[in-house]
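>>> here is the input, now give the coordinates:
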Amino acid sequence: MAKIFQVSARAGMTRVVEPIARALLRGGVTPNAVTVAGTVGVLIGALGFGARGHLVAGALIVTVFALTDLLDGTMARMSGGSTRFGAFLDSSMDRVADSAVFGAVAYWLATRGDHSGVAAALVCLAAGSLVSYVKARAEGLGMTCNVGIAERTERLLIVGVGGILTGVGVKPALEIALWLLAAISIFTVGQRMAHVYRQAQQLQPDGQA
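Have a look, this model is predicted:
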């Protein structure tokens, strides 16, 4: 099943960020520095704006800085490939940023007494972590796991759109987006586990259950 944010769209975004990546590399900026800066930007947008109810500003800031995922990856490719520490840092900073986004959303909804929305945000946080963990664990065991309808970009876009719509007056939009995201994140976990199971069965020596 195709991802929500299609490969062609990702390729188009990459073409946009390539000139920026080249300019940063010429200026001596490293991919790791961009990774950290992007995370700091997401934290500012989520905790400094989103958690205080400034949903439109928070969502826009988070979206802009979340796109550094494409930028640091492009820079790493242009400079000869990602280092092991760079890959580790990128993954770790993604988890920090995601926790801040959904934690901020849950906090803001809690201040409004929206218990259903809080529950949805917490499910999104847990399921999103599982989506990433299943892939990392599979790759650590020598298998691939690049499948699923909702990866990190899709998840942030969905919650961002919900936040912006709620911020401009479409009140139920954020909660609807969160429950939608919770459902597709859980489905993605299932997709990835099934994909890994099939690979494991193929790699399993004959005669073993």
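
>>> for the most centrally placed residue in the chain, give me its contacts.
Computing the C-alpha centroid of the chain and ranking residues by CA atoms, centre = their mean puts Arg152 first, at 2.4 Å. Listed by CB atoms under 8 Å, 6 or more residues apart in numbering, the contact partners of Arg152 are Asp69, Asp94, Asp98, Gly128, Val131, Ser132. From N, CA and C alone the C-beta is placed, and that goes for glycine too.

>>> once you drop chain neighbours, what's closest to the second one?
So that's Asp94. Excluding the flanking residues, the one nearest Asp94 by CB to CB, 6 or more residues apart in numbering is Arg152, at 6.2 Å.

>>> save the contacts of Arg152 as JSON lines, and put in secondary structure too.
Below are these laid out as JSON lines (DSSP: H, G, I helix; E, B strand; the rest coil):
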{"residue": "Asp69", "secondary structure": "helix"}
{"residue": "Asp94", "secondary structure": "helix"}
{"residue": "Asp98", "secondary structure": "helix"}
{"residue": "Gly128", "secondary structure": "helix"}
{"residue": "Val131", "secondary structure": "helix"}
{"residue": "Ser132", "secondary structure": "helix"}
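
>>> would you mark the buried spots in the helix ranked longest in the chain?
The helix that spans the most residues within the chain, counting by DSSP state H, is helix 173-203. Buried positions in helix 173-203, judged by neighbour count with 16 or more other CB atoms under 10 Å: 173-182, 184-189, 191-192, 195-196, 199.

>>> point out where this structure drops to low pLDDT.
1-14, 205-209 (pLDDT under 70).

>>> change it to 50
1-2, 207, 209 (pLDDT under 50).

>>> all helices of the protein, in order?
Going by DSSP H, the chain shows helices at 7-26, 31-43, 55-66, 68-78, 84-111, 115-140, 152-167, 173-203.

>>> so for Asn146, which of the ones you listed sits nearest?
Of all those, helix 115-140 sits nearest to Asn146, with 7.3 Å by CB to CB.

>>> ok so, going back, turn the helices of the chain into a markdown table, columns for distance to Asn146.
Shown next, in a markdown table, are the helices of the chain (distance: least, CB to CB, whole Å):
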| stretch | distance to Asn146 |
| --- | --- |
| helix 7-26 | 11 |
| helix 31-43 | 20 |
| helix 55-66 | 19 |
| helix 68-78 | 14 |
| helix 84-111 | 14 |
| helix 115-140 | 7 |
| helix 152-167 | 12 |
| helix 173-203 | 9 |
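
>>> nearest to Phe49, out of these?
helix 55-66 (3.5 Å).

>>> show me which positions of the closest one end up buried.
Neighbour-count burial for helix 55-66 flags Leu55, Val56, Ala57, Gly58, Ala59, Leu60, Ile61, Val62, Thr63, Phe65, Ala66 (criterion: 16+ other CB under 10 Å).

>>> other residues contacting that helix?
Against helix 55-66 from outside (CB under 8 Å, 6+ apart): 37-42, 44-46, 48-51, 97, 101, 104, 108, 153, 156-157, 159-161, 163-164, 166-168, 174.
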